[in-house]
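Engineer: Pasting the sequence and the predicted coordinates here, then a few questions.
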Amino acid sequence: MLELSINLFGITFKNPVWVASGTFGYGIEAMELYDVSKLGAVVTKGISLKPREGNPPERISETPCGMLNSIGLQNPGVEGFLKKIYPKIKDIDTHFIANVFGETEEEYLEVCLALESAEKVVAYELNVSCPNVKKGGLLFGHDLLVLERLVGKIKAKVKKPLLVKLSPNTGSIKEFAKACIDAGADGLVLINTLLGMKIDVRSQKPDLSTFTGGLSGPAILPIAVRMVWEVFSEFGSAVPIVGVGGIHDTDSALQHILAGASAVQVGTANFSDPMCPLKVIEGIKNYMEERKERSFKNLIGKAHGLKLNPHFL
Amino acid sequence: MRDTKGKVLQNLPISPRTYMMQVLAPQITPYIRAGHFVMIKVSHTKDPIGRRAFAVADIKKESLFIFYDVVGRGTELLSGFSQGSQVDILGPLGKGLFNLEGDKHLLIGGGIGLAGLTLLGKELRKAGKTVFFLYGARSKEHVSMESWLKEEGFDYLIYTQDGSYGKKGLITDALSDFDSSWVVSACGPKGMLKALKNLVDPSRLYLSLESRMACGWGVCLGCVVKNKEGKYVRVCYEGPVFRGDEVSL
Ligand SMILES: Cc1cc2nc3c(=O)[nH]c(=O)nc-3n(C[C@H](O)[C@H](O)[C@H](O)COP(=O)(O)OP(=O)(O)OC[C@H]3O[C@@H](n4cnc5c(N)ncnc54)[C@H](O)[C@@H]3O)c2cc1C
Ligand SMILES: Cc1cc2nc3c(=O)[nH]c(=O)nc-3n(C[C@H](O)[C@H](O)[C@H](O)COP(=O)(O)O)c2cc1C
Ligand code: FES
């Protein structure tokens, strides 16, 4: 029997293939297409304390092998989530991870606390690519001290595992990973979108209403893999890493895993290929069969060829 | 909504810039209603990354028809699909569809927007309703779907802005001939839809909208427009058809 399930931060996931925040809603729309409970986990669209209307259009723009977005974190707020959305996902037989963001430390914390009793939500994923209003709009995830404080503060108050989703738009990903680990993060999610821009040469104007936006899709795969690799080399034995960025097929998912990811998230690929996560699950199974690899865990970080000893092996 | 593979039965130019594609897609044709659209993969590579949105213009047996203008890279690639090739289709998409109630229906298409109304015309006629098409275009070359209207035997009037074909002027010039007993459904350029909103009682006006779409199935929040409460709603999911008084353009 192939063993695809994996225990991370004290939770057993039926497989290591999840869907990324902001690319799958809350899983409701996809139910029309396939059985969402086949996924390892669903990471929700970012949830904030108060509802957010998001940015004006144009919010998306295609780029070579990728896209830019500036959705502006539109969401119904944590209360809206619990009242309107949660009842609809309660019976889906897989784990949900709440992607959480705020403009202050308190907001982050309040959202997490409001979700503590929501059973389906098994963990929090902090989106730290959000402006800190008390620090003049500097992103939480772009300042080591601010990040460490945020993670420490939430970790001290919540019962569920706390994952931090790192921004790739910083100097050294390793330093930011370390700050999170030092503050008690249970896992790291790498990576959020890269800051990019497109200009429409016909109108001679930026193509997005906010001028710049987050780049995602296959274009960012090598950057994400490199970052997973770097963080795993240094901290692979300290916390599990969840790989996200450019995954669109089995090969790209395996690259993340062999670089050190214990689980992967399919993001932008869901848009044009909604069945992608299921194809990746099958693809990983086939790969393991071909290689006579019984346990998925043995693939994690295998490209390092080192005898690293992650705590969960 | 299904993710299905269709077979291209025809993909032909019907005017200098417009193509008609017939796709055999028996898995989804029974579920398609007027107002629905589909997302089609235009490349087997990741560039361009996104599918393209097209209205289902007609259904015959197990085939669906789309009419499309070649306007950029995606539609250029689509025009290269040969007969017999496979095409990935996601659909039917959209929960907000046209209103079939009322006895008399005026269908207003601007340019290729007419393709968003043709299936509606057939459904209405089948239900025994009176249907009249107003078809507006910039000039003669942009009037590419007249033969469809003719073959299907619909009553219609064509307007071109430069007068090179049909009547000279804008379709809005014809509105005074249709009293408030007509339900108006429209699809076309934003300017036309905006003008209609000002001229027609928006509670009997139905607009099929277009917007940039990454997913087409409700998860990216890229395609939004503001509703009457000032909240962003998804064109691909709550739409693509909205009643005139439900959205601000
Ligand atoms: C619900 C819906 C139904 C549609 N039905 C039809 C139809 O029946 N026939 C037809 O010819 N066209 C239709 N369109 C428009 C069609 O999707 C665009 O013309 C097409 O996406 C252009 O792609 P391109 O790569 O050739 O153009 P480019 O200009 O190179 O595209 C660049 C980007 O902008 C997007 N884009 C460009 N124009 C539009 C547009 N008008 N609407 C939405 N996105 C756009 C593209 O998808 C792409 O992401 C519809 C659009 C929507 C949203
Ligand atoms: C349209 C869109 C919306 C997103 N929304 C969020 C969000 O709310 N919170 C978050 O942490 N990441 C968000 N992301 C980032 C993705 O979760 C993911 O980290 C990123 O897109 C890279 O992965 P990919 O290349 O597979 O898409 C969003 C991405 C896209 C494309
Ligand atoms: S196109 Fe993605 S939500 Fe509408």
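Structural biologist: That came through fine. Ligands and ions are numbered 1, 2, ... in the order given.

Engineer: What sits closest to A:Ile281 if chain neighbours are left out?
Structural biologist: A:Val17 (4.9 Å; C-beta to C-beta, 6 or more residues apart in numbering or on different chains). Every C-beta, even on glycine, is put in place using the N, C-alpha and C of the backbone.

Engineer: need the contact list for B:Gly163.
Structural biologist: By C-beta atoms under 8 Å, 6 or more residues apart in numbering or on different chains, the contact set of B:Gly163 is B:Gly169.

Engineer: A:Cys114 and A:Tyr124, how far apart?
Structural biologist: Careful, residue A:114 is Ala; it's not Cys. 11 Å (C-beta to C-beta, to the nearest Å).

Engineer: Comparing these two, which shows the higher neighbour count?
Structural biologist: A:Tyr124 (25 against 18; other C-beta atoms under 10 Å in any protein chain shown).

Engineer: pLDDT wise, what is the more buried one at?
Structural biologist: According to the prediction, A:Tyr124 has pLDDT 98.

Engineer: In the record's domain split, what are the boundaries for chain B?
Structural biologist: What automatic domain parsing lists as the domains of chain B is B:2-93, B:104-248.

Engineer: Tell me if the shortest one is near ligand 3.
Structural biologist: Yep, that's domain B:2-93 we're talking about. No - Domain B:2-93 lies apart from ligand 3 when judged by C-beta under 6 Å from any ligand atom; the minimum separation is 8.1 Å.

Engineer: so can I have JSON lines of the domains of chain B showing mean pLDDT and distance to A:Lys205?
Structural biologist: Formatted as JSON lines, the domains of chain B follow (pLDDT from 0 to 100; distance: least, C-beta to C-beta, whole Å):
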{"stretch": "domain B:2-93", "mean pLDDT": "97", "distance to A:Lys205": "17"}
{"stretch": "domain B:104-248", "mean pLDDT": "97", "distance to A:Lys205": "15"}
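
Engineer: out of those domains, nearest to A:Ala259?
Structural biologist: The closest of the domains of chain B to A:Ala259 is domain B:2-93. By C-beta to C-beta, the value is 20.0 Å.

Engineer: so does stretch B:34-46 get close to ligand 2?
Structural biologist: No - Stretch B:34-46 is not in contact with ligand 2 by C-beta under 6 Å from any ligand atom; minimum separation 10.8 Å.

Engineer: Only C-alpha atoms, please: export that stretch in PDB.
Structural biologist: Only the C-alpha atoms of stretch B:34-46 are listed here, as PDB (Å, rounded to 0.1, in the frame of the first residue of the first chain):
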ATOM      1  CA  ALA B  34     -29.200  31.200 -22.600                       C
ATOM      2  CA  GLY B  35     -26.600  33.400 -20.900                       C
ATOM      3  CA  HIS B  36     -24.200  30.600 -20.100                       C
ATOM      4  CA  PHE B  37     -20.600  30.900 -21.300                       C
ATOM      5  CA  VAL B  38     -17.600  28.500 -21.500                       C
ATOM      6  CA  MET B  39     -13.900  28.900 -20.800                       C
ATOM      7  CA  ILE B  40     -11.800  27.500 -23.600                       C
ATOM      8  CA  LYS B  41      -8.100  26.600 -23.400                       C
ATOM      9  CA  VAL B  42      -6.400  28.300 -26.300                       C
ATOM     10  CA  SER B  43      -3.000  26.700 -25.800                       C
ATOM     11  CA  HIS B  44      -1.600  23.500 -24.500                       C
ATOM     12  CA  THR B  45       1.400  25.300 -23.100                       C
ATOM     13  CA  LYS B  46       1.300  27.700 -20.100                       C
END
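
Engineer: Please point out which parts of that stretch sit buried.
Structural biologist: Residues B:Ala34, B:Gly35, B:His36, B:Phe37, B:Val38, B:Met39, B:Ile40, B:Lys41, B:Val42, B:Ser43, B:Lys46 are the ones in stretch B:34-46 that count as buried (16 or more other C-beta atoms under 10 Å in any protein chain shown).

Engineer: Ligand 2 contacts on chain A?
Structural biologist: Looking at ligand 2, the residues of chain A close enough under C-beta under 6 Å from any ligand atom are A:20-23, A:45-46, A:69, A:71, A:73, A:99, A:127, A:165, A:192-193, A:216-217, A:220, A:244-247, A:267-269.

Engineer: Helices - which of those residues land there?
Structural biologist: Among the residues of chain A next to ligand 2, the ones falling in helices (DSSP state H) are A:Ala269.

Engineer: Among the residues of chain A next to ligand 2, which lie within strands?
Structural biologist: A:Asn69, A:Asn99, A:Asn127, A:Lys165, A:Ser216, A:Val244 (DSSP state E).

Engineer: Beta-bridge partners for the residue in chain A that ligand 1 sits nearest to, please?
Structural biologist: In chain A, the residue that lies nearest ligand 1 is A:Glu62 (4.4 Å; C-beta to the nearest ligand atom). Bridge pairing for A:Glu62 (DSSP bridges) gives the partners A:Met67.
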